[in-house]
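> Quick one, structure for this:
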Amino acid sequence: MTTRKKSGGIVDRPGAAPSASISSQSDIDAFVRRVRSAPAAVPTGRPGRLLFAMDATASREPSWDRACQLQGEMFSETAALGGLAVQLAYYRGFGEFKASAWLTDTEKLLREMTGVFCLGGQTQIGRLLGHVISETGKERVQAVVFIGDAFEEDIDAVCHRAGELGVLGVPIFIFHEGGDPVARRAFEQIARLTKGACCPFDGNSAQQLRDLLTAVAVYAAGGRKALQDFSAQRGGAALQLTHRFGK
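Numbers count the residues shown, from 1 in each chain. Presented below is the predicted three-dimensional model:
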């Protein structure tokens, strides 16, 4: 199952649908329903662990800086909850996959992210999910955030690994950039199998994207109660999420 081929940094996407906006009420409602059904993140007295994964292939280069900025804001919101340990994982180029150490310092994490450059290649989402399975076998990972725009792998094999993560209680929250319908369907299946959620990644509604992304981080760091407190202060999309989540 493929979305498009990339070679030498050139992206061929004939007939791709226009990018969806995250401000769509149906998108937010779907995200709310998925977060509500996610396994409860239980505070352990240690920083919650959130794996922040990104497609670093050539087509993502224009939005990489925006994702870095949103991640920094997400990280700062969780400091008062005992903090959040974040691992950055990404794939790019010819079979290259890398993961950082688990970091609790915003500056160190941002240095990791800004030191990465995008490189043409195919997606490695199955490999990413295998890495998450391995990491949560060592110590519980409360949630995964993934930002990507393409899917170029065997859907059955990837969904099998997503199902394993669902059994382990690790939800994946996917932010889908671009309008590729095949990638969208694959991402929705992965999110459903892990009891996570899938939403568009679109710069046209940056504040709503920021609130939803930060809400996932707050949930990973402090559980449902922390998410309720955050949403009461922030309002907007995050408050809608909490009203549904608490029912």
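> Tell me, how many residues neighbour Gly83?
17 (other Cβ atoms under 10 Å). The C-beta positions use only the backbone N, C-alpha and C, and glycine is treated the same way.
> go on, Thr104?
By other Cβ under 10 Å, 16 other residues sit near Thr104.
> can you start the count at 727 instead of 1 from here on
Right, with 727 as the first residue, what we last looked at is Thr830.
> Let me see the contact set for it.
Each residue near Thr830 by Cβ atoms under 8 Å, 6 or more residues apart in numbering is listed here: 773, 809-812.
> gap between it and Pro773?
Separation of Thr830 from Pro773 (Cβ to Cβ, to the nearest Å) stands at 6 Å.
> what touches both of those two?
Residues touching both Thr830 and Pro773 by Cβ under 8 Å, 6+ apart: 809-811.
> Could you dump those residues into CSV with pLDDT added?
Formatted as CSV, the shared contacts of Thr830 and Pro773 follow (pLDDT from 0 to 100):
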residue, pLDDT
Gly809, 73
Leu810, 83
Ala811, 88
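> So which of these are in strands?
Judged by DSSP state E, the shared contacts of Thr830 and Pro773 include 810-811 as members of strands.
> what helices or strands is whichever strand or helix holds Pro926 leaning on?
Using DSSP states H and E, Pro926 sits within strand 923-927. Judged by 3 or more Cβ pairs under 8 Å, 6 or more residues apart in numbering; DSSP states H and E, strand 923-927 is in contact with helix 751-762, strand 898-903, helix 907-919, helix 932-960.
> For stretch 851-870, what does the pLDDT average out to?
On average, the pLDDT along stretch 851-870 is 95.
> Could you give me the buried positions within it?
Going by neighbour count (16 or more other Cβ atoms under 10 Å), the buried part of stretch 851-870 is 851-852, 854-859, 861-862, 866-870.
> Just give me the closest of those residues to Phe913.
The shortest approach to Phe913 among the buried residues of stretch 851-870 belongs to Ile851, at 8.9 Å (Cβ to Cβ).
> Hmm, the closest one is touching Gly874, no?
Yes. With contact defined as Cβ atoms under 8 Å, Ile851 reaches Gly874; the gap is 7.3 Å.
> got the phi/psi numbers for the nearest residue to Asp781 once chain neighbours are set aside?
Among residues not flanking Asp781 along the chain, Gly874 sits closest, at 3.6 Å (Cβ to Cβ, 6 or more residues apart in numbering). Dihedral pair for Gly874: phi -160, psi 170, per degrees, to the nearest 10.
> before we move on, back to that, with distance to Val884 added, can I get the shared contacts of Thr830 and Pro773 in TSV?
Below are these laid out as TSV (distance: Cβ to Cβ, whole Å):
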residue	distance to Val884
Gly809	31
Leu810	27
Ala811	26
